[in-house]
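Peer 1: model the following, please.
(one chain, ligands or ions: 2)
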Amino acid sequence: MKKILVAHDGSKLSDKALKKGVEIAVRFDSNLTVLTVIPDLYLTELSDLDRKRIMEALTEETMIAMEKIRSTLAGKSVEAKTITRQGMPAEKILETAKKMKIDLLIVGSHGRHGAKKFLLGSISSKVVEYATCPVLVVK
Ligand SMILES: Nc1ncnc2c1ncn2[C@@H]1O[C@H](COP(=O)(O)OP(=O)(O)OP(=O)(O)O)[C@@H](O)[C@H]1O
Ligand SMILES: [Mg+2]
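Peer 2: Ligands and ions are numbered 1, 2, ... in the order given. Sure thing, here's the model as predicted:
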């Protein structure tokens, strides 16, 4: 198991997924990548300026979250990096896993939205359905 990818959206469950990822990476001496996707906005009623402001706020928030993750990872005996993409989360997660030839993809069962009505959130269910590599769903 050379390459592990953790999809992180800033939620508690994605933190739990990251913790698992670190555990497994240490055990198997794998490379760990943490991916956050900044979602595209489809709110057509927003003005360009408002959309720009929201994107800037989201990007800023993501950068801070990734910095925090990097400092957590720095203390661990694992080779790790963080990457950020923009677009549709499930699509970008799947695309990244494929491009990087990931051996294990780790997601939380739910994310920031946190509605536990369904077994899986919409992103994790798409990832489980379409991934071409093994997926670990952390709950
Ligand atoms: N933007 C994102 N970037 C990276 N990983 C994500 C992103 N969104 C979700 N994930 C991954 O998918 C997992 C499940 O989140 P998901 O979005 O499916 O559930 P949710 O937020 O509870 O519900 P919803 O379907 O309403 O968004 C997260 O724990 C995380 O691992
Ligand atoms: Mg979500």
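Peer 1: next one: the closest residue to ligand 1 within the chain from ligand 2, what distance?
Peer 2: Nearest to ligand 1, among the residues of the chain, is G121, at 2.0 Å (Cβ to the nearest ligand atom). Any C-beta I mention is one placed from the backbone N, CA and C, and that applies to glycine too. As judged by Cβ to the ion, to the nearest Å, G121 and ligand 2 stand 5 Å apart.
Peer 1: for A131, see how far away T44 is.
Peer 2: 31 Å (Cβ to Cβ, to the nearest Å).
Peer 1: so the residue of the chain closest to ligand 1 touches A90, yeah?
Peer 2: No. Here G121 lies out of contact with A90, judged by Cβ atoms under 8 Å, at a distance of 9.9 Å.
Peer 1: coming back round to it: skip the chain neighbours and tell me the closest residue to the residue of the chain closest to ligand 1.
Peer 2: H110 (4.6 Å; Cβ to Cβ, 6 or more residues apart in numbering).
Peer 1: and for K81?
Peer 2: Distances taken as Cβ to Cβ, 6+ apart put T33 closest to K81, at 5.6 Å, once the chain neighbours are dropped.
Peer 1: helices and strands around the helix or strand where that neighbour lies, which ones?
Peer 2: Using DSSP states H and E, T33 falls within strand 31-39. In terms of contacts (3 or more Cβ pairs under 8 Å, 6 or more residues apart in numbering; DSSP states H and E), strand 31-39 is packed against strand 3-7, helix 12-28, helix 48-74, strand 79-87, helix 89-99.
Peer 1: and the very next helix or strand once past the last one with helix 12-28, angle?
Peer 2: Moving toward the C-terminus from helix 89-99, the first helix or strand encountered (DSSP H and E) is strand 104-108. Note on geometry: by axes from the mean of the first three to the mean of the last three Cα atoms, to 10 degrees, strand 104-108 and helix 12-28 are set 150 degrees apart in direction.
Peer 1: mind giving me the packing neighbours of strand 104-108?
Peer 2: Strand 104-108 packs on strand 3-7, helix 12-28, helix 89-99, helix 122-130, strand 135-138, going by 3+ Cβ pairs under 8 Å, 6+ apart.
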